[in-house]
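>>> A structural model of the following input is requested.
(one chain, ligands or ions: 1)
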Amino acid sequence: MTAPRILVVEDNPKNMKLVRDVLEYAGYEVIEATSGEDGVRLAELERPQLILMDLQLPGMDGTEALRRIRVGRDGRDGQDTPVVAVTALAMDEDRARALASGFDGYVEKPINVRRFREQVEGFLAGRSRQ
Ligand code: MN
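Modelled structure (predicted):
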């Protein structure tokens, strides 16, 4: 089996590097997007198994990018890529808002490296909203 492909949408280079390093060390293939527009495009083009979406992005934000990814998927073959919000907003209401927006889960920044690996494994296995 080939390594699961994970699309990371993140505009902060330091955050991107940390997430990429952790995921690649864990054996995943990482696809990078630094804007919501690129995230939408690469979600369609690359068909990743999981999408990690920063909520706060310049231009199109993470919630709008999620909406467009979902719309774009409707015409396809029932594929159901989990899209997980990754954000520094740590309040309970922000978490609730992300889930209400249709995200399949929520990860807080700064990430906890060990916990992050477990979370990613869980999302790939279909255990959402952890
Ligand atoms: Mn950001």
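>>> Give me the contact status of the one helix or strand I51 maps to with the ion.
Taking DSSP states H and E as the definition, one finds I51 inside strand 50-54. Yes: using CB under 5 Å from the ion, strand 50-54 reaches the ion at D54. (Glycine included, C-beta is placed from N, CA and C.)
>>> list the helices and strands that strand packs on?
strand 5-9, helix 36-46, helix 62-73, strand 83-87, helix 113-124 (3 or more CB pairs under 8 Å, 6 or more residues apart in numbering; DSSP states H and E).
>>> how about the most centrally placed residue in the chain, what does it touch?
Central residue check for the chain by CA atoms, centre = their mean: the C-alpha nearest the mean position is that of L52, 1.1 Å away. Residues in contact with L52 (CB atoms under 8 Å, 6 or more residues apart in numbering) are I6, L7, V8, V9, E10, V19, V84, V86, V107, V120.
>>> can you list the residues of the chain near the ion?
D11, D54, Q56.
>>> neighbour-wise, which of those residues leads?
Highest neighbour count within those, by other CB atoms under 10 Å: D54, with 26 neighbours.
>>> Low-confidence ranges, this protein, go.
Applying pLDDT under 70 to the chain picks out residues 1, 72-79, 89-90, 127-130.
>>> what's the burial count for E108?
Using other CB under 10 Å: E108 sits among 17 other residues.
>>> Quick check: the gap between it and P48.
21 Å (CB to CB, to the nearest Å).
>>> Okay, buried residues for stretch 96-107 please.
If you call a residue buried by 16 or more other CB atoms under 10 Å, then stretch 96-107 has these buried ones: R97, A98, F103, D104, G105, Y106, V107.
>>> Make CSV from those and add secondary structure and distance to I31 to it.
Shown next, in CSV, are those (DSSP: H, G, I helix; E, B strand; the rest coil; distance: CB to CB, whole Å):
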residue, secondary structure, distance to I31
R97, helix, 26
A98, helix, 22
F103, coil, 18
D104, coil, 18
G105, strand, 19
Y106, strand, 21
V107, strand, 17
